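*Asks:* Give the three-dimensional model of this entry:
(2 chains)
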2 protein chains.
Amino acid sequence: MAKPLIFVTNDDGISAPGIRALIAVMNELGNVVVVAPDQVHSGKGHAVTIHQPLHLDRIKTNGPQKEFKTNGMPVDAVKLGLAHAVERQPDLLVSGLNHGVNHSVNVLYSGTMGAALEGAIEGIPSIGFSLDNYDWEADLEPAKHYMKKIAKQVLENGMPKGIALNVNIPYRPLKDIKGIKVARQAMDKWQESYDKRTSPFGRDYYWLNGNFTFEDKGEDTDVFALKNGFVSIVPIQYDLTAHHLINQLKNLET
Amino acid sequence: MAKPLIFVTNDDGISAPGIRALIAVMNELGNVVVVAPDQVHSGKGHAVTIHQPLHLDRIKTNGPQKEFKTNGMPVDAVKLGLAHAVERQPDLLVSGLNHGVNHSVNVLYSGTMGAALEGAIEGIPSIGFSLDNYDWEADLEPAKHYMKKIAKQVLENGMPKGIALNVNIPYRPLKDIKGIKVARQAMDKWQESYDKRTSPFGRDYYWLNGNFTFEDKGEDTDVFALKNGFVSIVPIQYDLTAHHLINQLKNLET
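*Replies:* Numbering: from 1, shown residues only, chains lettered A, B, ... in the order given. Below is the predicted model of the structure:
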């Protein structure tokens, strides 16, 4: 049987340890093509480059994978990569491993998940992986174990069309990770806060410095699963319609 | 009764005719605070600035509204504006009027809608307005009529919590707009395509140049409403969970 074709991207940039770990794991499962940003694009969500030209540069690698870097953002990497870096539709798209957690509302801000959702829009089984640790020196071995396990299962069993998986991995030794939970997105959010400073020239500027608030007390959420030592998987969709409200809002019609 | 407080933003930048039209309309309905990007940020979706400092500069206006410009993107304008430009939680957040349509999957790429969704996350009744015309010289009077009508109704009747309205307005004379339809997001998407060119220095570069494909034949979609001359309203939510698939995916659990 032909090896599956696996498309790898991320938002921390092509040299981040997280994507290097993901590439290593995917090389064990199939033929890998990497298209990733040439710099860090955390927080870029589903942003796409419209008004600037993009580059797509093949780079040398030490492994069997093909690699390209782009000056685009994560969703650009997917769009441009699918158009010009692969010969056919990949069997799997994986994004990550993100250095930092992407549970709850963070799925919207996350470039890692923007890329995964773009894969889903293109009809490719797509998974975004994030680790509950921001340190580029973190031990990625436990995450590698779960990335391989989940990707293998998706390659074998497929996934419903138009869906991406938002996978968050707790930062603990492998033996202390309790397993996998399929969950819903917690309805938690950031409490906005900016650190206001004044430049040497007297001009005010602001650094984003929010606090995350945990208000959703559900035990079926990604946040709950992570807190209890489980890998969380949330199936996400790109239909944002609040279908249950369409009838209720018919009073807006004229 | 105290006038409502209305927060206005957009993604085409603070000098775009679309936001000037929106401000004019909102001045008739309440006290207006404008916080908008100082440049065009089309396609920035839900992107947020994490690693750079932001500015928030009060600017002079000819009307009763307060105005601030920021070097941030649309979601930044909302976050920073709510933290530092208003005294209290606004009663309404409006984003737009976007120069260009944001139906179907475009809701994900749209900075206009990213800002509106951010308002919804903050619990503010939020509306994004987009016009089915990209020309900054377009006649905005028919759109003004509908923006006022819809915003007024939301101010009077409120909206379900955590929801934003994605409003798209066809480009026709007022008398030819047939009314308003509450709709679902059409499951249409872009067919990726890049225009490949070579620079004077021999380096390849790519311009995004996709074609939109209309495959969703439903008559309850935003695309269908627009094609038939109606203003479309899609209620959108920031919970991306595909709840109907959670049970089906339990086989991923261990």
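*Asks:* For the rest of this, base every contact and every neighbour count on C-alpha atoms.
*Replies:* OK.
*Asks:* which residues does the closest residue to A:Val40 other than its chain neighbours contact?
*Replies:* Spatially, and ignoring its direct neighbours in sequence, A:Val40 is nearest to A:Asp12 (4.4 Å; CA to CA, 6 or more residues apart in numbering or on different chains). When contacts are counted by CA atoms under 8 Å, 6 or more residues apart in numbering or on different chains, A:Asp12 is found next to A:18-19, A:37, A:39-42, A:96, A:98-99.
*Asks:* Also A:Tyr238?
*Replies:* Neighbours of A:Tyr238 in contact, by CA under 8 Å, 6+ apart: A:117, A:120-121, A:162-163, B:105, B:108, B:240.
*Asks:* just these now: which is nearest A:Leu131?
*Replies:* Nearest to A:Leu131 among the contacts of A:Tyr238, counting by CA to CA, is A:Leu117 at 17.9 Å.
*Asks:* Name the secondary structure element that contains the closest one.
*Replies:* Counting by DSSP states H and E, the element that carries A:Leu117 is helix A:111-121.
*Asks:* ok, and what's touching that helix?
*Replies:* Looking at what lies outside helix A:111-121 - CA under 8 Å, 6+ apart - the contacts are A:9-11, A:41-47, A:73-75, A:77-79, A:93-96, A:98, A:102, A:107-108, A:125-130, A:161-166, A:236-238, B:189.
*Asks:* List the buried residues for the helix or strand where A:Val223 lies?
*Replies:* Assigned by DSSP H and E, A:Val223 belongs to helix A:222-227. Using 16 or more other CA atoms under 10 Å in any protein chain shown as the test for burial, helix A:222-227 gives A:222-226.
*Asks:* quick one: pLDDT of the most centrally placed residue in chain A?
*Replies:* With distances taken as CA atoms, centre = their mean, the residue of chain A nearest its centroid is A:Thr112 (2.7 Å). A:Thr112 carries a pLDDT value of 98.
*Asks:* if we can go back for a sec, pull out the CA atoms of the helix holding A:Leu117 and give them to me as CSV.
*Replies:* Taking C-alpha atoms only, helix A:111-121 is exported to CSV below (Å, rounded to 0.1, in the frame of the first residue of the first chain):
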residue,chain,number,x,y,z
GLY,A,111,-2.5,30.2,14.2
THR,A,112,-1.9,26.5,14.8
MET,A,113,-5.6,26.0,14.8
GLY,A,114,-6.2,28.5,11.9
ALA,A,115,-4.0,26.2,9.8
ALA,A,116,-5.8,23.1,10.9
LEU,A,117,-9.2,24.6,10.2
GLU,A,118,-8.0,25.7,6.7
GLY,A,119,-7.1,22.0,6.1
ALA,A,120,-10.6,21.0,7.2
ILE,A,121,-12.1,23.6,4.8
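*Asks:* contacts for the helix or strand that it is followed by?
*Replies:* As assigned by DSSP H and E, the chain's next helix or strand after helix A:111-121 is strand A:126-131. The contact list for strand A:126-131 (CA under 8 Å, 6+ apart) reads A:92-102, A:112-113, A:115-117, A:119-120, A:143, A:147, A:151, A:163-171.
*Asks:* Pairing partners for strand A:126-131, with directions?
*Replies:* Note on strand A:126-131: by DSSP bridges, its sheet partners are strand A:92-99 (parallel), strand A:163-169 (parallel).
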